[in-house]
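Participant: Give me the fold of what follows.
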Amino acid sequence: MHAKWQEFWDSTKQEWFKVEVLQDYTGEDDGSSLQAWKAGEKEKSLALTLNKDLSWAKSKLYINKTRIHIVEEPFTEYLKWEIEHYRHVNIPIGREKVFLVDKKNIYELAIPDGDFCIFDNKKVVKNTYNKTGKCIRMNFYDESDDISLFLNLKNKLLEFAQPVK
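Facilitator: Residues are numbered from 1 along each chain as shown. Now for the predicted structure:
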């Protein structure tokens, strides 16, 4: 994890909001759980997910955590796996509110080409990815920067958000 991202996370007092835009992050996360999922071993995949270090999910339980994933159909195997991860880790353990937004419903919005996180509506980290879904750059914005684009996108995306159940 980048030290500046960690600094933003550590200073968060009330809310963390993340938007994910890729349909496949294999470049970032191609571990044994995903490999088992792709091999059709769904139970093994889930067991591997639940048996790894989940301290990240258990941190900052006192803040509001919201995640939106912009999705396209048909879902990739990665996305199907990640939605199960949301159901078994992010929602019950991390206490995140997780939503999906169908990309075809937001075609008029200027969505960045990478993910972004908003910390307490004051700071933003925007990620840029390569073709494999590996993060290759992070841009950091703090109180001295204009983050209104991200705050406006947050509000508009929430209008289209469907909860993961």
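
Participant: which residues are contacting the longest helix that the chain contains?
Facilitator: Taking DSSP state H as the criterion, the chain has its longest helix at helix 148-160. Residues outside helix 148-160 that contact it (C-beta atoms under 8 Å, 6 or more residues apart in numbering): 17, 19, 68, 70, 99, 101-102, 105-106, 109-112, 116, 118, 121, 124, 126, 141. Every C-beta, even on glycine, is put in place using the N, C-alpha and C of the backbone.

Participant: The same query, at a cut-off of 10 Å, please.
Facilitator: For helix 148-160, contacts defined as C-beta atoms under 10 Å, 6 or more residues apart in numbering pick out 15, 17-19, 66, 68, 70, 97, 99-103, 105-106, 108-112, 116-118, 121-126, 141, 147.

Participant: which of those are buried?
Facilitator: The neighbour count (16 or more other C-beta atoms under 10 Å) marks 17-19, 66, 68, 70, 97, 99-101, 103, 106, 111, 116-118, 122-126, 141, 147 as buried among those.

Participant: So which residues of this structure form strands?
Facilitator: 15-20, 64-71, 96-102, 116-119, 123-129, 135-141, 162-163 (DSSP state E).

Participant: Quick check: Asp29 touching Lys52?
Facilitator: No. Contact status for Asp29 versus Lys52: not in contact, 11.1 Å apart, counting by C-beta atoms under 10 Å.

Participant: Surely Lys103 is in contact with Glu72?
Facilitator: Yes. Counting by C-beta under 10 Å, Lys103 does reach Glu72; the two are 4.9 Å apart.

Participant: got any residues that touch both of these two?
Facilitator: When contacts are counted by C-beta under 10 Å, 6+ apart, Lys103 and Glu72 are jointly contacted by Val21, Gln23.

Participant: Let me see the mean pLDDT of stretch 60-71.
Facilitator: Taken as a whole, stretch 60-71 has a mean pLDDT of 97.

Participant: Show me the shaky parts of the chain.
Facilitator: 1 (pLDDT under 70).

Participant: Next, name the residue at the spatial heart of it.
Facilitator: Glu20 (4.6 Å; C-alpha atoms, centre = their mean).

Participant: Before I go, just wanted to say thanks for your time.
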